[in-house]
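**Student:** whatever this is, show me its structure:
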Amino acid sequence: MERMMSMFTGRPSCFVDDSIDTPHPTDCQHAENGGQNIEYAYIRAMAVLGKISERIMACHYSPTKPTRVSDLTEVNRINGECSRALNDLLETLPSYLHFFDDKAPIGETWQEVQRICLGATYHVACMLMMRPALVYVTFFDSKQQAQESIGDRIDIQRDINRTVSSAKDLISLVHDGFFNRCLAMRRDGNMVYFIVSACLVLLFDVLDTETTSAHATEVFQEVEKGLKCLDQIDHIGSTTGRAISLDVMKIAKDALKSTEPTTHLGTNLMESFTWLNNEMFDQAPYGSASSWLYNSLEMPSFDYSTVGMTDLFGPNSGMDLMVPMAFGMMGQGLQVADGSYVPSQTAPQNQ
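**Tutor:** Just a heads-up that it's a prediction; the model follows:
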């Protein structure tokens, strides 16, 4: 878990295999009857993801990551090995952990919690492994130009497809859990991180000047599913999910505006997703946008009086104070994914 969090937050891991001088506990891979031992299957799978995460972190997000075009061949090799390891992991999972099968029977609550958490972690690992290609193409006028700049060392379109597919699968997995398979998962505030990460990956894909209207519509449908999940987060009250989803909506609109005037995506998408057309986003902070936005998404309101709270998003809520505070706190604990430093701490000074 520590290694995965190191990759997610962009900080170095304090666990290095070469520095561990005590033996690991013995793991019984098989049951007494010779079949698969499904006890501790979740822990075993997360441990494998931790090892894969360490390789992804060192390859893409550590201070020693490759920086030259000639190094991309090695990056591609490591990505291939990690991809195969991720695929091999799927074959070892018992049926109740098959997060990749949306037709799997609904299990006990604890099984569903493990299934969703494992799947979300798996998809984030896939996204972070291939995301550099998605970011790289934003520096060029087209994917073709980006591909020509590095030759055949990495297949940019393949990596982008894997990243976007993982983001969509993550949102679908969480959405299915929140609304169908395991309502108790709404209490897990960690899902905010996973959902927002997936939404931002999808919005990066829309920045491509070659994006078609059909593809952009598909992307925004997935983002909207993610927003609906955020609104259902019960951890720390509904205000957290709603504040963050407002921020994602603003980012979505900004991403769409950045494609103008080279494309006409805005006109088509604003007809399908009415919240993109809200002029409240052009003001700072967003004013009373929340009630209008959530009505457009047909999201249920929350009666804060039942828990002895004032509706922080209501007409008399002091929105001009609450939203900047919420967004400011969101940024305090985040880490840029280049492994440099944690923004909530003092930046290292050159001596």
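**Student:** buried sites along stretch 54-72?
**Tutor:** Buried positions in stretch 54-72, judged by neighbour count with 16 or more other CB atoms under 10 Å: 54-62, 72. (Each C-beta comes from the backbone N, C-alpha and C, glycine too.)
**Student:** can you pull out the helices in the stretch 101-250 of the chain?
**Tutor:** 109-136, 143-150, 156-176, 190-206, 213-231, 238-258 (DSSP state H, counting those that start in this stretch).
**Student:** and those, which one is worst for confidence?
**Tutor:** The minimum mean pLDDT among those belongs to helix 238-258 (a mean of 65).
**Student:** circling back to that earlier point, of the helices of the stretch 101-250 of the chain, which is nearest residue 183?
**Tutor:** For residue 183, the closest of those is helix 109-136, at 9.1 Å, according to CB to CB.
**Student:** coming back round to it: lowest pLDDT pick from the buried residues of stretch 54-72?
**Tutor:** residue 62 (71).
**Student:** next, give phi and psi for it.
**Tutor:** As for residue 62, its main-chain torsions (degrees, to the nearest 10) stand at phi -100, psi 160.
**Student:** any chance of the helices of the stretch 101-250 of the chain in JSON lines with distance to residue 91 as columns?
**Tutor:** Below are these laid out as JSON lines (distance: least, CB to CB, whole Å):
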{"stretch": "helix 109-136", "distance to residue 91": "13"}
{"stretch": "helix 143-150", "distance to residue 91": "32"}
{"stretch": "helix 156-176", "distance to residue 91": "18"}
{"stretch": "helix 190-206", "distance to residue 91": "23"}
{"stretch": "helix 213-231", "distance to residue 91": "27"}
{"stretch": "helix 238-258", "distance to residue 91": "35"}
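**Student:** could I get those as a markdown table with distance to residue 94 and mean neighbour count?
**Tutor:** Converted to a markdown table, the helices of the stretch 101-250 of the chain look like this (distance: least, CB to CB, whole Å; neighbours: other CB atoms under 10 Å):
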| stretch | distance to residue 94 | mean neighbour count |
| --- | --- | --- |
| helix 109-136 | 9 | 22 |
| helix 143-150 | 40 | 15 |
| helix 156-176 | 17 | 21 |
| helix 190-206 | 22 | 22 |
| helix 213-231 | 26 | 20 |
| helix 238-258 | 31 | 20 |
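**Student:** of all these, which lies closest to residue 97?
**Tutor:** Comparing these by CB to CB, helix 109-136 comes nearest, at 5.4 Å.
**Student:** now, the buried residues of stretch 54-72 that are in helices?
**Tutor:** 54-56, 72 (DSSP state H).
**Student:** for these, which one is nearest residue 195?
**Tutor:** Nearest to residue 195 among those: residue 56, at 20.3 Å, using CB to CB.
**Student:** how far away is the closest one from residue 178?
**Tutor:** Distance of residue 56 to residue 178, computed by CB to CB, to the nearest Å: 27 Å.
**Student:** can you check residue 130 too?
**Tutor:** Applying CB to CB, the value for residue 130 to residue 178 is 26 Å.
**Student:** kindly report the same for residue 184.
**Tutor:** Distance, residue 184 to residue 178, using CB to CB: 10 Å.
**Student:** which one of the two is surrounded by more residues?
**Tutor:** Taking neighbours as other CB atoms under 10 Å, residue 184 and residue 178 compare with residue 178 leading, 24 against 14.
**Student:** the more buried one against residue 229, yeah?
**Tutor:** Yes: applying CB atoms under 8 Å as the test, residue 178 and residue 229 come out as touching, 5.2 Å apart.
**Student:** which neighbours do those two have in common?
**Tutor:** residue 191 (CB atoms under 8 Å, 6 or more residues apart in numbering).
**Student:** what distance do you get for residue 190 to residue 198?
**Tutor:** 13 Å.
**Student:** equivalent analysis for residue 273, please.
**Tutor:** Distance, residue 273 to residue 198, using CB to CB: 17 Å.
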